[in-house]
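Enquirer: the sequence isn't on hand, but the structure is:
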């Protein structure tokens, strides 16, 4: 598979580590402040995005759901309202999932399980999941196409995948505001509240390098997903990608 531009964007740019290792280290570093900063920087609208995404997979009444790049489990907990028998949150960062386990325990979501895993080599049988969610994680993959291929492998036939990702607005004014916000405000707030200075600078770099919109839907179709749809949310600052196997 051909390396994409975004594959070369890494949190720290060290020569002796992989992007995967750096992403794990970054999220371990910011896990204690992640929920606070995530909701602050998105003004809480990220909840609305996840709700729309879960409505999409809910149409097929999935019983076994995977939440990849689960982080602290917000997407997994949003999917809990579908009354599945099992939700498995998968992430490369143990520290992020530590906080997810605390939250799901407090809500008594015993059917949500967290497993450390490599998105490019998922240890599940073919056709295992009815539906899959990924929230703001695919741009962190070391090899995007390999990660998407693994998603397709473990998703059952006619199962649904929904991906949320930050995107750059097309509208000139919104794009200007977006660039100011992500270039200056996010790194400033990140430095105030997080011990990892690079994390929120990397956020902007990774968004700019990611093949969003039609470029991403083309990749999903190349992998073999069907009924691929791209829907911009909130003036285009977020994109929701939906598809089926």
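Expert: Received, thanks. For clarity, every value in this text was computed on a predicted model and none was experimentally measured.
Enquirer: pull out the buried residues from the longest helix along the chain.
Expert: Using DSSP state H to define each element, the chain has its longest helix at helix 19-41. Within helix 19-41, the residues scored as buried using 16 or more other CB atoms under 10 Å are 19-31, 33-35, 37-38, 41. All C-beta atoms are positioned from the backbone trio N, CA, C, and that covers glycine.
Enquirer: packing partners of that helix?
Expert: helix 94-106, helix 186-193, helix 199-209 (3 or more CB pairs under 8 Å, 6 or more residues apart in numbering; DSSP states H and E).
Enquirer: so what angle separates the directions of that helix and helix 94-106?
Expert: 50 degrees (axes from the mean of the first three to the mean of the last three CA atoms, to 10 degrees).
Enquirer: run the chain-centre distance for helix 19-41.
Expert: 12 Å (CA atoms, centre = their mean, to the nearest Å).
Enquirer: out of the helices and strands in the chain, which is least certain?
Expert: helix 186-193 (a mean of 82; mean pLDDT, DSSP states H and E).
Enquirer: give me the angle between that helix and helix 19-41.
Expert: 90 degrees.
Enquirer: give me the contacts around helix 186-193.
Expert: 33, 36-37, 40-41, 196-197, 199-201, 203-204 (CB atoms under 8 Å, 6 or more residues apart in numbering).
Enquirer: one more: stretch 105-118?
Expert: 20, 70, 73, 76-77, 80, 84-94, 97, 100-101, 104, 123.
Enquirer: state the mean pLDDT of that stretch.
Expert: Mean pLDDT, stretch 105-118: 96.
Enquirer: now stretch 69-85
Expert: Mean predicted lDDT for stretch 69-85 stands at 98.
Enquirer: and for stretch 210-222?
Expert: 96.
Enquirer: would you mark the buried spots in that stretch?
Expert: For stretch 210-222, by 16+ other CB under 10 Å, it's 210, 212-213, 216-217, 219-220.
Enquirer: again, but for stretch 126-137
Expert: Result for stretch 126-137 [16+ other CB under 10 Å]: buried residues 129-137.
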